[in-house]
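Enquirer: need a 3D model of the following:
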Amino acid sequence: MKDIFIDTNIAKNFQNPLDPEYKKLLSWLLREGIWVVSQKLLVEYGRTNQNIAVLTNKLLIDGRLRIIPSTEHKQFTFTKREEKDLCCNNEDRWHLRTVLLSHRKIAIAIDENFRKDINGFRKIDGVQPQAVARPEQIDYENYSVF
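Expert: Numbering: from 1, shown residues only. Okay, here's the model as predicted:
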C-alpha cells in the first residue's frame, strides 16, 4: 500500500504547483498514491482551496483516499511519557495519530515540531515513522516498510 500523509501546509501547493517536486508528487498521487487523511484533515483541506476538494474526491472515487476513522484515532493513546515529550500543538496530535495509524507511516509536513514528533516516535508494528519537509527528501514512490 503506497500511502502517504500530506499536511495542509504542503497540500496547498497543489493549487498551482510550479515547483517540479510538487508536480511530481501530485502526478504520483493522481497515478498510484494513496492519500492518508482524517475527517478533521479533510475539513482543513476544504478550507484551503477547491483543487484539493477535487483531488480528494477523485482519490475517493478511485479508492485511494484512506480516511482513518475517528474511532481508531481515539483508541490510539500515547503513554504519559510520549505525551510529555510531544512538541507539536494539541490540534496536530490528531494528525500525528493519522500518520501513526497509516500503513507506511510517512509524512510530508513543514511544521518542524510535528516532524520531530513523528521522527522521534517509537516503531509501530515494526515500522519507524518518518517525516520530511519536502517531497524530494523521501522516496515516496518506492518506500517500503519491510
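
Enquirer: what kind of secondary structure is Thr77 in?
Expert: Three-state call for Thr77 (DSSP: H, G, I helix; E, B strand; the rest coil): coil.

Enquirer: give me the phi and psi angles of Ile124.
Expert: Taking degrees, to the nearest 10, you get phi -130, psi 120 for the backbone angles of Ile124.

Enquirer: and the spatially closest residue to Glu141 that is not a sequence neighbour, what's its pLDDT?
Expert: Among residues not flanking Glu141 along the chain, Trp28 sits closest, at 5.7 Å (CB to CB, 6 or more residues apart in numbering). The way it works is simple: take the backbone N, C-alpha and C, and place the C-beta from them, glycine included. The model reports Trp28 with a pLDDT of 95.

Enquirer: packing partners for the host helix or strand of Trp28?
Expert: Using DSSP states H and E, Trp28 falls within helix 20-31. Secondary-structure packing of helix 20-31 (3 or more CB pairs under 8 Å, 6 or more residues apart in numbering; DSSP states H and E): strand 3-6, helix 50-61.

Enquirer: pipe those into TSV and attach mean neighbour count per row.
Expert: Shown next, in TSV, are the helices and strands packed on helix 20-31 (neighbours: other CB atoms under 10 Å):
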stretch	mean neighbour count
strand 3-6	24
helix 50-61	15
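
Enquirer: how about low-confidence regions in the protein?
Expert: 48-49, 146 (pLDDT under 70).

Enquirer: hmm, back to that, mind checking how far the residue nearest to Glu141 is from Ala107?
Expert: Distance of Trp28 to Ala107, given as CB to CB, to the nearest Å: 15 Å.

Enquirer: quick one, which of the two is more surrounded?
Expert: Ala107 (28 against 15; other CB atoms under 10 Å).

Enquirer: mind listing the strands for the chain?
Expert: 3-6, 34-38, 65-68, 106-108, 130-132 (DSSP state E).
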